[in-house]
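*Asks:* this is a predicted model, with the sequence first.
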Amino acid sequence: MAQPPVLSWESLGLQQGGRWLFGGPGTDGLDLHIGPRDHMALIGRNGAGKTTLFRLIDDQLEADRGQRTVQKGTRIVVLEQEPDFSAYTTLMDFALHGNDAPPEHEVDAIAGQLGIDMATSVDGASGGEKRRAAIARALAQDPDLLLMDEPTNHLDLAAIEWLESWLDRYKGAFMVISHDRTFLKRLTNTTLWLDRGVIRRKDVGFGGYEAWEAQVMAEEERAAHKLDAKLKLEAHWLERGVTARRKRNQGRLEKLYQMRAARAAMIGPQGAAKLGLAVDEDNKSKSVIVADKVGKSYDGRPIIRDFSLRIQRGDRIGVVGSNGAGKTTLLKLLTGEIEPDEGTITIARTLTGVMIDQQRSLMQPDKTVREVLAEGGDWIDVRGVRKHVQGYLKEFLFEPEIVETKVGILSGGERSRLLLAREFARKSNLLVLDEPTNDLDLETLDLLQEVIADYEGTVLIVSHDRDFLDRTVTLTLGLDGSGTVDIVAGGYADWEAKRDRREVGKSKAPAALRVERSRDTEKAPTKFSFGEQRDFDLLPARIEELETAIARGEQILSDPQLYTADPQKFANISKGIENARTEKDAAEERWLELAERAEEAAR
């Protein structure tokens with residue numbers, strides 16, 4: 001029997017700026033029902049009203065119409081995208097503020113797991129430390145409904161994985177706004193799509209969203225054609241452009257796999273942690289940055305050790321690792337901002353770089369979009385090609401009318417997109433992106449993926465967005481904090497697989513799963529159905545089989561001659577690995593759910 005919702009909105013309507021954001025005249029308004037175990041992804045373009053909907057759910061904002069109903073005793077907690085720390089001295093002061101402040105010992109317990117000292121002063125805290133403090137405060141309140149707005153912003157990979165593990169065990173409902181596709185795919189079982197003032201619901205996780213979106217768009221387009229509504233179609237150029245962009249990106253992914261195969265051949269099947277420097281003259285002429293036995297230390301601690309790499313024109317390189325592992329140091333070494341203590345860094349004299357930093361510090365709020373892009377004119381030079389400023393804005397998913405808008409009025413995501421538009425127009429052959437996905441919606445991420453794929457120069461990317469790296473980079477430089485830099489042909493998943501294979505005697509499954517697998521299966525509750533008991537008993541062995549198959553496939557792909565000798569075999573094995581990873585993820589989630597029930601019954 002279905003459980004009643006913990007919160008409902010009936011016929012919700014809201015006006016903003018003289019227009020109806022939700023539920024205007026002639027419509028029934030928005031209907032929203034949140035069940036007690038719903039794990040919901042809230043999807044929509046920047047400006048669609050996602051954060052506003054959070055405020056309405058939390059009763060921070062009064063609607064113009066509709067009825068809000070909350071089940072008695074429901075505790076709603078919001079993890080804001082940019083919490084205000086200005087009134088507090090320390091992170092703990094922030095965590096304990098308000099009428100619903102959590103117990104201090106609960107905050108301390110979660111903060112300890114996140115690796116954050118809550119006695120840190122607000123003024124001295126980094127963005128990552130503030131984000132972890134906000135997470136500790138939110139989770140320590142023991143919410144029944146948790147609303148999270150970009151929770152992975154400013155977090156390193158270790159903290160993201162911890163949060164995923166916590167949410168995977170969470171008993172309540174949550175709704176999340178996030179650009180992190182991997183995070184959404186792993187955790188959600190329901191998708192809400194906010195689009196043009198309408199909310200659509202699909203009881204599938206985010207993994208099924210893009211296929212659903214494409215289906216809805218195709219149905220709308222067919223309906224529009226039947227009505228001969230060409231003007232209506234023109235009004236929705238953005239949606240059609242997004243669908244076409246995703247189709248083009250499939251072709252770009254195939255090209256990316258070919259580039260990775262070529263790079264794997266240069267690294268060699270052993271997957272050594274440095275790239276040989278003795279190469280033919282043709283490859284030498286393509287080199288833009290050459291690192292030879294580079295080392296860098298701070299206060300006696302080695303940050304980078306014995307690092308060698310030849311970066312070529314067209315390489316797309318991702319840099320990953322936990323906070324403090326040395327990502328920024330490595331980036332500064334490769335771009336010549338700092339000198340190594342040992343070894344040499346040689347940078348081509350013709351290299352001209354553009355740095356797009358995560359602070360978006362170059363945007364002046366009092367200037368118009370036209371002034372930012374074209375110095376007040378009508379035309380902009382885009383890497384040597386003259387384009388009309390309004391047409392160029394359209395390429396970056398802006399309505400042309402935004403050209404006279406002040407930068408300060410734009411949302412955070414729109415400012416980020418405008419910065420990308422300006423910086424990508426500059427003539428350069430090296431692009432350095434530091435956490436480029438923060439504040440971007442999913443459609444802008446698709447655009448960014450496309451622009452990077454078409455960029456003719458070399459790209460260096462520091463990012464915690466695993467899916468973005470998997471779709472974008474040809475090489476991944478992985479830092480573990482010891483000074484060693486792994487060089488892996490491929491994206492984040494390829495680096496993660498190599499890292500996990502090194503953990504002798506440990507499963508590649510998440511820590512929570514490794515613990516649960518070791519439990520005596522005889523503790524399983526007798527109330528399991530036949531199928532559930534069978535899954536509980538057999539899934540661990542199946543997961544091990546899939547892990548072995550993935551490792552075997554990756555070993556075959558490490559042969560540098562395979563792609564040239566048999567590209568079809570290379571493609572088939574790559575597809576097999578992808579399918580095995582999908583099945584393994586689903587099997588782990590299923591087993592964890594059953595193990596959780598078994599553990600509860602054994603208490």
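*Replies:* Yes, it's here. Numbering: from 1, shown residues only.
*Asks:* please count neighbours and contacts with C-alpha atoms only from this point.
*Replies:* Noted.
*Asks:* relative to the whole chain's centre, how far out is stretch 62-78?
*Replies:* Here stretch 62-78 is found 29 Å from its chain centre; the criterion is C-alpha atoms, centre = their mean, to the nearest Å.
*Asks:* can I get the CA coordinates of it in CSV?
*Replies:* The C-alpha coordinates for stretch 62-78 follow below in CSV (Å, rounded to 0.1, in the frame of the first residue of the first chain):
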residue,chain,number,x,y,z
GLU,A,62,4.5,32.7,-0.2
ALA,A,63,2.8,31.5,-3.4
ASP,A,64,0.2,33.5,-5.2
ARG,A,65,-2.1,30.5,-5.4
GLY,A,66,-2.3,26.9,-4.4
GLN,A,67,-2.4,24.8,-1.3
ARG,A,68,0.7,23.5,0.6
THR,A,69,0.2,20.4,2.8
VAL,A,70,2.8,18.9,5.1
GLN,A,71,2.5,15.7,7.1
LYS,A,72,2.6,16.5,10.8
GLY,A,73,6.1,16.3,12.4
THR,A,74,8.0,16.4,9.1
ARG,A,75,11.3,18.1,9.5
ILE,A,76,12.4,19.9,6.3
VAL,A,77,16.1,21.0,5.9
VAL,A,78,17.6,23.0,3.1
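*Asks:* identify the residues contacting that stretch?
*Replies:* Applying C-alpha atoms under 8 Å, 6 or more residues apart in numbering, the contact partners of stretch 62-78 are 5-15, 29, 54, 56-58, 138, 141-149.
*Asks:* tell me the buried residues in it?
*Replies:* Residues of stretch 62-78 classed as buried: Ala63, Arg65, Gly66, Arg68, Val70, Arg75, Ile76, Val77, Val78 (neighbour count, 16 or more other C-alpha atoms under 10 Å).
*Asks:* out of the residues you listed, which sit inside helices?
*Replies:* Residues of the buried residues of stretch 62-78 located in helices (DSSP state H): none.
*Asks:* in strands, which of those residues fall?
*Replies:* Arg65, Gly66, Arg68, Val70, Ile76, Val77, Val78 (DSSP state E).
*Asks:* tell me which other helices or strands the lengthiest helix in the chain touches.
*Replies:* Criterion DSSP H: the longest helix present in the chain is helix 567-602. Here helix 567-602 touches helix 511-517, helix 530-557, helix 562-565, going by 3 or more C-alpha pairs under 8 Å, 6 or more residues apart in numbering; DSSP states H and E.
*Asks:* repeat that for 10 Å
*Replies:* Of the remaining helices and strands, those touching helix 567-602 by 3 or more C-alpha pairs under 10 Å, 6 or more residues apart in numbering; DSSP states H and E are helix 157-169, helix 181-187, helix 237-267, helix 511-517, helix 530-557, helix 562-565.
*Asks:* okay, buried residues for it please.
*Replies:* Result for helix 567-602 [16+ other C-alpha under 10 Å]: buried residues 570-571, 573-574, 577, 580-581, 584-585, 587-589, 591-592, 594-595, 598.
*Asks:* next: stretch 174-191.
*Replies:* 174-180, 183-191.
*Asks:* assign Ser11 to helix, strand or coil.
*Replies:* strand (DSSP: H, G, I helix; E, B strand; the rest coil).
*Asks:* likewise Ile487?
*Replies:* Following three-state DSSP, we place Ile487 in the strand state.
*Asks:* that one bridge partners, please.
*Replies:* Taking DSSP bridges as the rule, Ile487 bridges to Leu477.
*Asks:* make JSON lines out of the ones in strands among the buried residues of stretch 62-78 and add distance to Leu96.
*Replies:* Shown next, in JSON lines, are these (distance: C-alpha to C-alpha, whole Å):
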{"residue": "Arg65", "distance to Leu96": "34"}
{"residue": "Gly66", "distance to Leu96": "33"}
{"residue": "Arg68", "distance to Leu96": "28"}
{"residue": "Val70", "distance to Leu96": "25"}
{"residue": "Ile76", "distance to Leu96": "16"}
{"residue": "Val77", "distance to Leu96": "14"}
{"residue": "Val78", "distance to Leu96": "15"}
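*Asks:* closest one to Arg386 out of these, please.
*Replies:* Val78 (45.8 Å; C-alpha to C-alpha).
*Asks:* about what we covered before: pLDDT averaged over the longest helix of the chain - what is it?
*Replies:* In this model, helix 567-602 carries a mean pLDDT of 76.
*Asks:* next one: stretch 400-415
*Replies:* Mean predicted confidence for stretch 400-415 is 84.
*Asks:* that older thread, for the ones in strands among the buried residues of stretch 62-78, give me a markdown table that also has distance to Ala493 and pLDDT.
*Replies:* Formatted as a markdown table, these follow (distance: C-alpha to C-alpha, whole Å; pLDDT from 0 to 100):
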| residue | distance to Ala493 | pLDDT |
| --- | --- | --- |
| Arg65 | 47 | 91 |
| Gly66 | 45 | 92 |
| Arg68 | 43 | 95 |
| Val70 | 41 | 95 |
| Ile76 | 35 | 96 |
| Val77 | 32 | 96 |
| Val78 | 31 | 96 |
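*Asks:* just the pLDDT for the residue minimising distance to the centre of the chain.
*Replies:* Nearest residue to the geometric centre of the chain (C-alpha atoms, centre = their mean): Asp180, 2.4 Å. Listed pLDDT for Asp180 reads 92.
*Asks:* and the closest residue to it other than its chain neighbours, what does it touch?
*Replies:* Counting by C-alpha to C-alpha, 6 or more residues apart in numbering, Asp180 lies nearest to Asp465, which is 6.0 Å off, once chain neighbours are set aside. Going by C-alpha atoms under 10 Å, 6 or more residues apart in numbering, Asp465 touches 152-153, 155-157, 160, 179-183, 320, 435-438, 492.
*Asks:* okay, strands next: where are they in the stretch 1-150 of the chain?
*Replies:* For the stretch 1-150 of the chain, the strands defined by DSSP state E, counting those that start in this stretch occupy 7-16, 19-22, 30-34, 39-43, 65-70, 76-79, 145-149.
*Asks:* out of the ones you listed, deepest packed?
*Replies:* Ranked by mean neighbour count, these are led by strand 39-43 with a mean of 26 (mean count of other C-alpha atoms under 10 Å).
*Asks:* what's that one packed up against?
*Replies:* Using 3+ C-alpha pairs under 10 Å, 6+ apart: strand 39-43 touches helix 50-57, strand 145-149, strand 173-177, helix 181-187, strand 190-195, strand 198-202.
*Asks:* neighbouring strands - and their directions - for that strand?
*Replies:* strand 173-177 (parallel), strand 190-195 (parallel).
*Asks:* so Leu477 makes contact with Gly483?
*Replies:* No - with contact defined as C-alpha atoms under 10 Å, Leu477 does not count as touching Gly483 (11.8 Å).
*Asks:* these two: which is more packed in?
*Replies:* Leu477 (25 against 19; other C-alpha atoms under 10 Å).
*Asks:* show me what contacts the more buried one?
*Replies:* 273, 309, 317-321, 327, 330, 461-462, 484-492, 495.
*Asks:* make a markdown table out of the helices and strands packed on strand 39-43 and add distance to Gly35.
*Replies:* Listed next are the helices and strands packed on strand 39-43 as a markdown table, based on distance: least, C-alpha to C-alpha, whole Å:
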| stretch | distance to Gly35 |
| --- | --- |
| helix 50-57 | 13 |
| strand 145-149 | 9 |
| strand 173-177 | 7 |
| helix 181-187 | 16 |
| strand 190-195 | 10 |
| strand 198-202 | 13 |
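*Asks:* closest to Lys255 out of the ones you listed?
*Replies:* helix 181-187 (21.4 Å).
*Asks:* list the contacts of the closest one.
*Replies:* 39-42, 151-152, 160-161, 163-165, 167-168, 174, 176-178, 191, 204-209, 442, 465-468, 585-586, 589.
*Asks:* alpha carbons of that helix, as CSV, please.
*Replies:* What follows is helix 181-187, C-alpha atoms only, in CSV (Å, rounded to 0.1, in the frame of the first residue of the first chain):
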residue,chain,number,x,y,z
ARG,A,181,25.5,13.5,-13.5
THR,A,182,27.4,10.7,-11.7
PHE,A,183,26.0,11.9,-8.3
LEU,A,184,22.4,12.0,-9.7
LYS,A,185,22.6,8.6,-11.5
ARG,A,186,23.9,6.9,-8.3
LEU,A,187,21.3,8.3,-5.9
